[in-house]
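Asks: Make a model of this:
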Amino acid sequence: MEERYSRNIPAVSEEDQNKLKQSSVLVAGCGGLGGFIVEYLARMGIGAITAVDGDVFCESNLNRQLLSRIDNLGKKKALAVADRVREINPDVRVQAVPEFLTEENAVGLMEGTDIVMDALDNVDSRYILEDAAAEAGLTIVHGAICGWDLQVMLIPPGSGMIHRLYPAGSQAASKTSLAITPAVCAAFQASMAVRYLCGCASDSDRDLFVGSLRDLSFEAVHLRD
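Replies: Here you go, the predicted model:
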């Protein structure tokens, strides 16, 4: 086992560490959630990461987005993510896609992927992500934040769960985002992805996990039929 990953052992077995090294993950959205998700997955030793985001850093991102800095305002977020991965773990094969996820490109971007990370910030893009993942037969790790609150869920292909969570016409009541919430939500998402890729995910991962950092309340909500 490489020295880089020696502290992962035995919390992660050597066999599972090798599974991670052979895995490929698509991260849709490289902002508050996506920046932290990529950071965690790269340090865990995921073999390949495709980072998709057509947005650029702006001043309002500075309060919470890991890769947002004064000196890269105006830079494409996907390109910044790729630079970061190369700095911390050059063994990870990283592909930056500085484009927004669309109905035209979504399925193609998922080719060769083992799992999809939902780090998006709007309902329409999440619909596109879920529909494409269903077509590609891929599981999604959904995550969303608002202020102090977060939710995470493992979504199997074809379940339509994102459409159920966000009925047509729904939108966020507020865009408030704190520095601490995306880091915690992304950690839960990354841990779900690692468990899934190692074959350790359980039925409970498919419950909607909701929490609030305001009062440290967390619960699992059973939504399956």
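Asks: how close does Ser170 get to Arg206?
Replies: Distance, Ser170 to Arg206, by Cβ to Cβ, to the nearest Å: 21 Å. (Glycine included, C-beta is placed from N, CA and C.)
Asks: Comparing these two, which shows the higher neighbour count?
Replies: The residue with more neighbours, out of Ser170 and Arg206, is Arg206; 20 against 9, by other Cβ atoms under 10 Å.
Asks: Is the nearest residue to the more buried one once chain neighbours are set aside bridged to anything, and to what?
Replies: Distances taken as Cβ to Cβ, 6 or more residues apart in numbering place Leu154 nearest to Arg206, at 5.2 Å, with adjacent residues excluded. Leu154 forms beta bridges with Val141, as assigned by DSSP bridges.
Asks: contacting residues for Leu154?
Replies: Counting by Cβ atoms under 8 Å, 6 or more residues apart in numbering, Leu154 touches 139-142, 192, 196, 201, 205-206.
Asks: Lowest-confidence one in these?
Replies: Ranked by pLDDT, those bottom out at Asp205, which has 79.
Asks: my guess is Ile128 meets Glu104, correct?
Replies: No: judged on Cβ atoms under 8 Å, Ile128 makes no contact with Glu104 at a distance of 9.6 Å.
Asks: more crowded one of the two?
Replies: More crowded of Ile128 and Glu104, by other Cβ under 10 Å: Ile128, with 22 against 9.
Asks: host element of that one?
Replies: In the assignment (DSSP states H and E), Ile128 maps to helix 123-136.
Asks: got the buried residues for the helix or strand harbouring Arg164?
Replies: Using DSSP H and E, Arg164 falls within helix 161-165. Under the neighbour-count criterion of 16 or more other Cβ atoms under 10 Å, helix 161-165 has 161-162, 165 buried.
Asks: Can you tell me which of these is closest to Asp91?
Replies: Among these, Ile162 lies closest to Asp91 (Cβ to Cβ), at 32.4 Å.
Asks: Distance check, the closest one against Ile140.
Replies: 7 Å.
Asks: Compute the number of surrounding residues for Val107.
Replies: Counted with other Cβ under 10 Å, residues neighbouring Val107 total 16.
Asks: go on, Lys75?
Replies: Count around Lys75 with other Cβ under 10 Å applied: 16.
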